[in-house]
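Student: Structure for this input, please:
(chains A, B, C and D)
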Protein chains: 2
Amino acid sequence: MPNSLHHRAVEHLGNRIVNGTIRPGEIILASSIEDELGVSRSVVREAVRVLASAGLVISTKRVGIRVLPPEDWNPFDPLVIRWRLASGGLGAQLRSLTELRVAVEPMAAELAAEHAPDEFCGELLNLAAQMRHAGRSGDLATFLELDIRFHALVLAASGNEMFANLANPIGETLRGRTELGLMPERPHEEALAWHQAVADAISAHDPQDARDAMEKIMRRTNEEICGVWADKPRLFPTPRI
Amino acid sequence: MPNSLHHRAVEHLGNRIVNGTIRPGEIILASSIEDELGVSRSVVREAVRVLASAGLVISTKRVGIRVLPPEDWNPFDPLVIRWRLASGGLGAQLRSLTELRVAVEPMAAELAAEHAPDEFCGELLNLAAQMRHAGRSGDLATFLELDIRFHALVLAASGNEMFANLANPIGETLRGRTELGLMPERPHEEALAWHQAVADAISAHDPQDARDAMEKIMRRTNEEICGVWADKPRLFPTPRI
DNA sequence: GAGACTTCATGCCTGCACAGATTGGCGTCA
DNA sequence: TGACGCCAATCTGTGCAGGCATGAAGTCTC
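Tutor: So this is what the prediction gives:
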């Protein structure tokens, strides 16, 4: 029910917290949310419970609903990722996800070369060919979508559910990058070759080659955009064990 | 409020879904949950909303609350991870997380060597020394806790919030491994040296050495336990983009 | 087979009672 | 006089009960 009051309440509050309209430490009362959104208590309470499970807020008796600082937000929660990407200042989100990609995708390619079912191999080869075609003809929009599907497929072909689950945020990151103009005018010929190499190596069940080729792609990707967050400060929260 | 009815309802339902007592595709009615737990509608509804946000269930009008298959569960949700680790058959969870560690921790060590604040370096050196002491004297319990803190600290020192957020599930995985008897009788002398090398390289701000040393640790870790899941089938859900 | 109708579980609202944390007042003591 | 500790009032989330509205499934009619 994408248009339910519950959905809209979660979306509204989540967005306002993540983009900083409501600041960490601030305390909001359930009744004020009722008034602001014009909804009833039950809707507010259910929304707050969902936000609390994502680490955005905590609700305590006699005090209200306290907005938590970003360190407490679950950076893997799909909702949080979406709100961060939508909040404009996506520096931190982009950096975290890109560094995660650099770490994960070569491993995913390696595992895919060991375990991928045949259908996945065929589809990967297919996508690599289409990417080359779209890339050379300068059709950036379809190239982007093919690129997203390619990387999602490698992640899924690894047979690791956690890797597979990163496909959506990574896809949205790639779309965000293009919107920000962080993508090259047209794909480098090298990049096209590397994607082909990944598909070939996975199809040939050659883990080492698959990892190497994907590592080249990731290294290039990282170089292209690490300038964006060079100035963004890193956060070092002390681990709570 | 760890003892609220809401908390208990989420915990009860989540556990029963993840450990298979309630099977995917099954449909449960909100009223039946009320009866079973002896709670009111509001508690059930709030719990269902939280479970739905973790991908465990979906609730539809005129139908009820449908339990979703494991492919739909968010493998990064802390609740899901906890329930899976608790559900005994932790094969899949252990494999996913270990493969993720193998991918992420060397990268985390590299980033830590570039960005870690001085306090982190000191603490890392401190922990490495304590680990060697505990390891040689055969005190496995404290060695385990030191090991968990060491890896959590490296992840935090990377300055990547997603990496830092993996510390808790990884820690619980390590505890789970020991409970299953998957840890070596006493830590290898090599492993102790490698941890020291990681701490040294990060303190010396040498990214390449830090990555290499951590890679050795991870390679060994992976070898030690990959036999556990050799027979577990991998799942290859087609990506939904 | 297409469309209207019935059915029924969730969606949403409201009033009420309870529990527990904060706050401020009060009394005591140094 | 000022600081401390205790206790009660107060405020807000938690949980309960019941009601109507909504809309998807299934049924029936044509």
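Student: CA atoms for contacts and neighbours, from now on please.
Tutor: Will do.
Student: what secondary structure does residue A:88 sit in?
Tutor: What DSSP: H, G, I helix; E, B strand; the rest coil gives for residue A:88 is coil.
Student: Compute the distance between it and residue A:45, please.
Tutor: 28 Å (C-alpha to C-alpha, to the nearest Å).
Student: So between these two, which is more surrounded?
Tutor: Just comparing residue A:88 and residue A:45: by other C-alpha atoms under 10 Å in any protein chain shown the higher neighbour count belongs to residue A:45, 20 against 11.
Student: What ranges does chain A have for its strands?
Tutor: A:27-28, A:57-60, A:64-67 (DSSP state E).
Student: Relative to DNA strand C, which of those strands is closest?
Tutor: Nearest of the strands of chain A to DNA strand C, taken as C-alpha to the nearest atom of the strand: strand A:57-60 at 6.6 Å.
Student: Dump the C-alpha coordinates for that closest one into PDB.
Tutor: The C-alpha trace of strand A:57-60 is given here as PDB (Å, rounded to 0.1, in the frame of the first residue of the first chain):
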ATOM      1  CA  VAL A  57      14.500   7.900  16.800                       C
ATOM      2  CA  ILE A  58      13.900   6.600  20.300                       C
ATOM      3  CA  SER A  59      10.800   7.200  22.300                       C
ATOM      4  CA  THR A  60      10.700   7.400  26.000                       C
END
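Student: Pull the residues that contact that strand.
Tutor: A:48, A:51-52, A:65-68 (C-alpha atoms under 8 Å, 6 or more residues apart in numbering or on different chains).
Student: how near is the residue lying closest to residue A:191 once chain neighbours are set aside to residue A:44?
Tutor: Distance criterion C-alpha to C-alpha, 6 or more residues apart in numbering or on different chains; nearest residue to residue A:191, sequence neighbours excluded, is residue A:217 at 6.5 Å. As judged by C-alpha to C-alpha, residue A:217 and residue A:44 stand 45 Å apart.
Student: which parts of stretch A:54-61 are buried?
Tutor: Across stretch A:54-61, burial judged by 16 or more other C-alpha atoms under 10 Å in any protein chain shown covers A:54-59.
Student: same thing with stretch A:130-145?
Tutor: A:130-132, A:134-136, A:140, A:143-144.
Student: so how far is that stretch from its chain's centroid?
Tutor: 22 Å (C-alpha atoms, centre = their mean, to the nearest Å).
Student: Just the terminal-to-terminal distance for it.
Tutor: So stretch A:130-145: terminal residues 11 Å apart, C-alpha to C-alpha.
Student: near chain B at all, that stretch?
Tutor: No. Counting by C-alpha under 8 Å from any C-alpha of the partner chain, chain B has no neighbours in stretch A:130-145; the shortest distance is 9.2 Å.
Student: Give me the contact list for that stretch.
Tutor: Contacts of stretch A:130-145 (C-alpha under 8 Å, 6+ apart): A:146-147, A:174-175, A:186-187, A:192.
Student: Pull out the buried members of those.
Tutor: Using 16+ other C-alpha under 10 Å, the buried members of the contacts of stretch A:130-145 are A:146-147, A:174-175, A:187, A:192.
Student: which helix in chain A runs the most residues?
Tutor: Using DSSP state H, we find that the single longest helix of chain A is helix A:91-115.
Student: Remind me what it packs against, helices and strands.
Tutor: helix A:78-86, helix A:140-157, helix A:167-179, helix A:189-203, helix A:207-225, helix B:91-115, helix B:161-165 (3 or more C-alpha pairs under 8 Å, 6 or more residues apart in numbering or on different chains; DSSP states H and E).
Student: Redo these as CSV? Include distance to DNA strand D and mean pLDDT.
Tutor: Converted to CSV, the helices and strands packed on helix A:91-115 look like this (distance: least, C-alpha to the nearest atom of the strand, whole Å; pLDDT from 0 to 100):
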stretch, distance to DNA strand D, mean pLDDT
helix A:78-86, 21, 92
helix A:140-157, 29, 96
helix A:167-179, 26, 86
helix A:189-203, 39, 97
helix A:207-225, 42, 94
helix B:91-115, 30, 93
helix B:161-165, 25, 95
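Student: closest to residue B:78 out of those helices?
Tutor: Among the helices and strands packed on helix A:91-115, helix B:161-165 comes nearest to residue B:78, with 9.8 Å by C-alpha to C-alpha.
Student: Centre-most residue in chain A?
Tutor: residue A:169 (2.2 Å; C-alpha atoms, centre = their mean).
Student: Surely that residue and residue A:80 touch.
Tutor: No. Assessed by C-alpha atoms under 8 Å, residue A:169 is found out of contact with residue A:80, at 10.3 Å.
Student: now the angle from the longest helix of chain A to helix A:167-179?
Tutor: Going by axes from the mean of the first three to the mean of the last three C-alpha atoms, to 10 degrees, helix A:91-115 is angled at 130 degrees with respect to helix A:167-179.
Student: Leaving out sequence neighbours, find the closest residue to residue A:28.
Tutor: In space, residue A:28 is closest to residue A:65, 5.2 Å off (C-alpha to C-alpha, 6+ apart).
Student: The one you found pairs with what?
Tutor: Counting by DSSP bridges, residue A:65 is bridged to residue A:28, residue A:59.
Student: ok, it to residue B:3 distance?
Tutor: 18 Å.
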